[in-house]
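Participant: what follows is a predicted protein model with its sequence.
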Amino acid sequence: MAQTTISARIDAEDKERFDRFCNNVGLSSSAAIYMFIKNVINEHRIPFVVREPDAVYSAKNMSVLEKSLDELNSGKVVVKTMAELEAMENG
């Protein structure tokens with residue numbers, strides 16, 4: 001089977017940490033990347049969850065937070081005790 005090379009640019013510190021991890025588990029970096037590629041091919045998926053880094057800071061959530069801050073700053077605030085909130089939740 002013919003072989004080829006993949007080249008990727010990554011942060012030097014990330015490469016050091018990756019190399020250290022691979023060494024600690026008895027793999028070369030090349031072997032770990034090979035395993036990743038084979039897993040993707042065999043499973044037809046990325047072998048981990050891919051998601052936004054901090055969904056808390058999504059555009060929708062930021063919009064809600066900004067609206068809440070505007071209401072707070074304009075005095076449109078309702079203050080409730082924890083007991084009142086629990087009573088509302090329990091109906």
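Facilitator: Alright, I've got the coordinates.
Participant: which ones are touching residue 46?
Facilitator: Residue 46 makes contact with residue 40 under the criterion C-beta atoms under 8 Å, 6 or more residues apart in numbering. Placement of C-beta: from N, CA and C, glycine included.
Participant: give me phi/psi at it?
Facilitator: phi -70, psi 130 (degrees, to the nearest 10).
Participant: kindly report the same for residue 77.
Facilitator: phi -120, psi 140.
Participant: now it: closest residue in space, sequence neighbours ignored.
Facilitator: residue 71 (6.8 Å; C-beta to C-beta, 6 or more residues apart in numbering).
Participant: from residue 87, how far out is the one you found?
Facilitator: Separation of residue 71 from residue 87 (C-beta to C-beta, to the nearest Å) stands at 23 Å.
Participant: residue 10 too?
Facilitator: Residue 10 is 53 Å from residue 87, by C-beta to C-beta.
Participant: quick one: which of these two has more around it?
Facilitator: For residue 10 versus residue 87, the count of surrounding residues by other C-beta atoms under 10 Å is larger for residue 87: 11 against 8.
Participant: give the helix, strand or coil label for the more buried one.
Facilitator: Look at residue 87: counting by DSSP: H, G, I helix; E, B strand; the rest coil, its state is helix.
Participant: for it, report the pLDDT, please.
Facilitator: At residue 87, the model reports a pLDDT of 87.
Participant: how about residue 31, phi and psi?
Facilitator: Dihedral angles (degrees, to the nearest 10) for residue 31: phi -60, psi -40.
Participant: what residues are up against it?
Facilitator: Counting by C-beta under 8 Å, 6+ apart, residue 31 has contacts residue 22.
Participant: hmm, 10 Å instead?
Facilitator: 22, 25 (C-beta atoms under 10 Å, 6 or more residues apart in numbering).
Participant: okay, it: pLDDT?
Facilitator: Confidence score, pLDDT, at residue 31: 96.
Participant: cool, thanks, signing off.
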